[in-house]
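Undergrad: got a structure for you, letters missing:
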């Protein structure tokens with residue numbers, strides 16, 4: 001099982017698993033390699049269980065909605081034409097003023113209102129029902145009276161939209177896949193690579209990149225990863241090509257779960 005080892009003045013041995021499935025081991029300076037390997041072996045089931053969870057999350061990301069840059073540009077254009085009139089309608093209804101309106105594509109929020117009254121709306125709202133867009137407009141305009149989410153704020157929303165709770169629940173349920181959407185370039189030129197390097201001690205290192213040649217050079221200069229820094233020079237043993245970062249990361253996580261023998265078989269198969 002591959003892992004990155006960091007030795008320090010610490011007294012105990014610990015393991016961590018990064019967001020991409022890489023195993024990190026922290027050990028005392030004088031602890032023998034055999035003790036470390038025995039510890040890893042005892043924790044192997046736990047390690048694989050957590051690496052599988054990470055791989056599963058990456059699989060779910062791979063299955064997320066994909067939007068091309070061209071489609072995103074169209075959504076922004078449509079939103080710029082849609083929101084001004086609709087915001088003006090509700091602002092007059094609520095007897096409120098506002099500043100400029102901006103259209104963005106954000107992965108965390110549907111809209112916002114600044115202290116100056118400027119409004120921002122997520123263009124992905126154009127992929128949802130009008131009742132949801134109206135709810136976001138009323139929500140943000142209500143911040144012109146209350147810059148918080150106090151009881152008074154929600155009473156303001158309810159005064160204009162009595163069924164806001166149902167709309168809010170629908171937004172929460174239907175909106176998450178849109179916020180998690182993968183924005184894919186229309187150009188097929190950019191590729192992602194999952195690769196395996198053979199180190200000078202014959203150990204194997206797995207990673208992903210968009211530029212194999214540049215990445216290998218970084219590893220050989222000591223700037224690629226802590227694991228390869230003291231195992232140079234490294235050579236490219238194997239690689240696979242993908243169209244998205246998520247696919248490359250998922251494959252990286254799966255390969256890292258393999259034993260060295262399984263990796264050697266994979267290298268020999270190509």
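TA: Received it, and whenever you're ready, just let me know what you need. This is a predicted model, so every value here is computed, not measured.

Undergrad: ramachandran coordinates for the closest residue in space to residue 121 that isn't next to it in sequence?
TA: Of all residues not flanking residue 121 in the chain, residue 111 sits nearest, at 4.9 Å (CB to CB, 6 or more residues apart in numbering). Backbone N, C-alpha and C define where each C-beta goes, glycine included. Main-chain torsions, residue 111, degrees, to the nearest 10: phi -170, psi 170.

Undergrad: likewise for residue 176?
TA: Dihedral angles of residue 176 (phi, psi; degrees, to the nearest 10) stand at phi -60, psi -50.

Undergrad: now the residue nearest to residue 121: how far from residue 102?
TA: When distance is defined by CB to CB, to the nearest Å, residue 111 is 10 Å away from residue 102.

Undergrad: between these two, which contacts overlap?
TA: 119-121 (CB atoms under 8 Å, 6 or more residues apart in numbering).

Undergrad: tell me the most packed of the residues you listed, by neighbour count.
TA: residue 121 (26 neighbours; other CB atoms under 10 Å).

Undergrad: could you say which helix or strand contains it?
TA: According to DSSP states H and E, residue 121 maps onto strand 119-122.

Undergrad: again with residue 12
TA: Counting by DSSP H and E, residue 12 is found in no helix or strand.

Undergrad: for the stretch 1-150 of the chain, just list every one of the helices.
TA: 33-42, 44-62, 69-94, 130-142 (DSSP state H, counting those that start in this stretch).

Undergrad: can you put these in a markdown table and add distance to residue 27 and mean pLDDT?
TA: Conversion of those to a markdown table gives the following (distance: least, CB to CB, whole Å; pLDDT from 0 to 100):
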| stretch | distance to residue 27 | mean pLDDT |
| --- | --- | --- |
| helix 33-42 | 5 | 90 |
| helix 44-62 | 15 | 75 |
| helix 69-94 | 46 | 94 |
| helix 130-142 | 51 | 96 |
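
Undergrad: in the stretch 101-250 of the chain, which ranges drop under the pLDDT threshold?
TA: Low-confidence segments of the stretch 101-250 of the chain, defined by pLDDT under 70: 182-189.

Undergrad: kindly recompute the last result at 90.
TA: 105-109, 172-191, 223-226, 242-247 (pLDDT under 90).

Undergrad: please enumerate the strands of it.
TA: 101-104, 111-113, 119-122, 182-184, 192-198, 204-209, 235-242 (DSSP state E, counting those that start in this stretch).

Undergrad: thank you kindly, that will do.
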